[in-house]
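A.B. asks: could you look at this predicted model? Sequence included:
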Amino acid sequence: MKRALAFGLVLAQILLLVALLIIPHGSVWPVNGFVVATSVALVVVGVTLAVQGSTTLGPAMTASPIPRENAPLATNGVYGIVRNPIYTGLMTGGLGLVLFGASLLHVVTWLALVGLLSGKARWEERMLVDEHPAYSEYAARVGRFLPGVGRIR
């Protein structure tokens, strides 16, 4: 059951990201040079965060929110700044796609992605607390998606 839920969450996350790419452009706000530059910057920052998060995890890397058994807890690099840099990167890149897409459907899809990743992170963190005794102390000093925001007390 746990693995099926994990697979479903990953599939939903992928579908929401693809949707942000293929939803037709809207006209809710003008897409001028500033919006395009901001969109590109957000996508680049998002991809960079996600890639750094993925590479820093090393043997602990998995698409599933279920932690790998006996994998080390990553608290260095970008994980010293935020606990979920991959999710932060996906949300940041997604926001760039929303700005460029300029439609309410883009906004709703991105909000669904943020909600999904937030729930996925909470579930993953409960499992990490069980797997790594040091996770609680780490989560008390490092923010969930943004530096200092969402620390667990």
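C.D. replies: Yes, it's here. Residues are numbered from 1 along each chain as shown.
A.B. asks: isn't residue 63 right up against residue 10?
C.D. replies: Yes - assessed by C-beta atoms under 8 Å, residue 63 is found in contact with residue 10 at 5.1 Å. Backbone N, C-alpha and C define where each C-beta goes, glycine included.
A.B. asks: next, the buried residues of stretch 133-152.
C.D. replies: 135, 138, 139, 142, 143, 144, 145, 150, 152 (16 or more other C-beta atoms under 10 Å).
A.B. asks: give me the nearest residue to the second one, chain neighbours excluded.
C.D. replies: In other words, residue 138. Nearest non-adjacent residue to residue 138, counting by C-beta to C-beta, 6 or more residues apart in numbering: residue 75, 5.3 Å away.
A.B. asks: now that neighbour, what's its secondary structure?
C.D. replies: Here residue 75 is recorded as coil under DSSP: H, G, I helix; E, B strand; the rest coil.
A.B. asks: could you pull up the contacting residues of it?
C.D. replies: Going by C-beta atoms under 8 Å, 6 or more residues apart in numbering, residue 75 touches 134, 138, 142.
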